[in-house]
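Participant: got a predicted structure plus its sequence, pasted below:
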Amino acid sequence: MSSTGGTEDVLHQVKQFWSMLDDLSENDPAAYRKFIHKQMKEGAEFIAPPELHSCLCTEMLEPKKGLLYINICSWKRVPAPQDPSKPLPLCAGKLETDTNESHGLYTLLDVALNPAVLEESKKDKTEVYVLALSFAQQQHGLRLSQQYSVISCSPKSSPDDFHRRLGFQQQPNTSKPDAAIQTPATLLQQISSLRSEKQDEPAAQIICRPAELKKKGLIQVISTTFVQPQKPEHQLEVKPDIAGIPRSIELTVELPNVCSMSECLLRISKDDVLLEVEDVYYLLLEFPKTVNEDTASAIFNKKKRRLTLKVDVL
């Protein structure tokens, strides 16, 4: 009985809704078009996936030692704060622990904020970083190192990975040529489907944390020490020919926190080479021999996270 009653209630609400739209389209076509456009825009924003904004790396001391990576994401599904004095909405996925040869034991956490929050934090990103670190400590009972670094990407940081951890599922495209022609039965079926989808608990939850961290004292939980770009491990070699005459120079640089060559800024002159990865690595070296910069070639090995530069000696 209750199931039938629920179905009748939904159908009654649908009829009222369509009746309201019919009246609006007849009496005020401009308002009707504005309403439909607004609903379509909001719907598209709601189903848009989260996007990776930045990534933090710190050392986890308790309950287990290892690295903690926090992926900070921009997601329109997370509500924007309405008042600076009220809690800041934050969507978080579940902790995921894994291990590999290059990182050892590590833990991943994804947190998502409304794009407006991240846009406002462009001038001072520290507060967002501290919010994410404080949340990890207080929500999951972790004890973290007092230092963190901003890196380009974390392990398992593909869109599919953090979509899964945040509980985002891409809606299948069910559009058909005759989708505009809806019968009450098909419309009711779609609405029932939407209602059942809403009843499924996603992996992520909306969790509120105070927006004004400094006033609430949370900012003292973690040190905001920013780690300057580090000098990566590297090896510079002069390659001679059979007669022992220097012919080329080879530079190999280990870049464990880099995912692709596009993240690297590489500049070469006849006397030196500069390699930069914003906020992560900085390397400036003088060549032991004058080189022909026009002959330089660089290859990045994604599997080994290693950059190899070769250039001929003049």
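Facilitator: That came through fine. Numbers count the residues shown, from 1 in each chain.

Participant: Ala136: neighbouring residues, count only.
Facilitator: Residues lying near Ala136 (other Cβ atoms under 10 Å) number 23. C-beta here means a position set from N, CA and C on the backbone, and glycine is covered the same way.

Participant: tell me the secondary structure at it.
Facilitator: Here Ala136 is recorded as helix under DSSP: H, G, I helix; E, B strand; the rest coil.

Participant: and it, how far from Leu144?
Facilitator: 7 Å (Cβ to Cβ, to the nearest Å).

Participant: what's the overlap in contacts for the two?
Facilitator: Taking Cβ atoms under 8 Å, 6 or more residues apart in numbering as the contact rule, Ala136 and Leu144 both touch Leu68.

Participant: quick one: furthest residue from the center of the protein?
Facilitator: The C-alpha centroid of the chain is most remote from Ala243, which lies 52.8 Å away (Cα atoms, centre = their mean).

Participant: can I assume that residue sits in a strand?
Facilitator: No. Under three-state DSSP, Ala243 sits outside any strand and is assigned coil.

Participant: local confidence estimate at it?
Facilitator: We have a pLDDT of 90 for Ala243.

Participant: renumber starting at 53 from here on
Facilitator: Okay, using 53 as the starting number, the last item reads as Ala295.

Participant: now it: phi and psi?
Facilitator: phi -80, psi 0 (degrees, to the nearest 10).

Participant: and the pLDDT at Leu165?
Facilitator: Value for Leu165, per-residue pLDDT: 87.

Participant: isn't it up against Ser126?
Facilitator: Yes. Using Cβ atoms under 8 Å, Leu165 makes contact with Ser126 at a distance of 6.8 Å.

Participant: which parts of the chain are helices?
Facilitator: All helices of the chain, identified by DSSP state H, fall at 54-79, 81-99, 167-172, 178-192, 211-218, 236-251, 265-268.

Participant: residue contacts, the closest residue to Gly118 other than its chain neighbours?
Facilitator: Distances taken as Cβ to Cβ, 6 or more residues apart in numbering put Leu157 closest to Gly118, at 3.8 Å, once the chain neighbours are dropped. The contact partners of Leu157, by Cβ under 8 Å, 6+ apart, come to Lys116, Lys117, Gly118, Leu119, Thr149, Asp150, Thr151.
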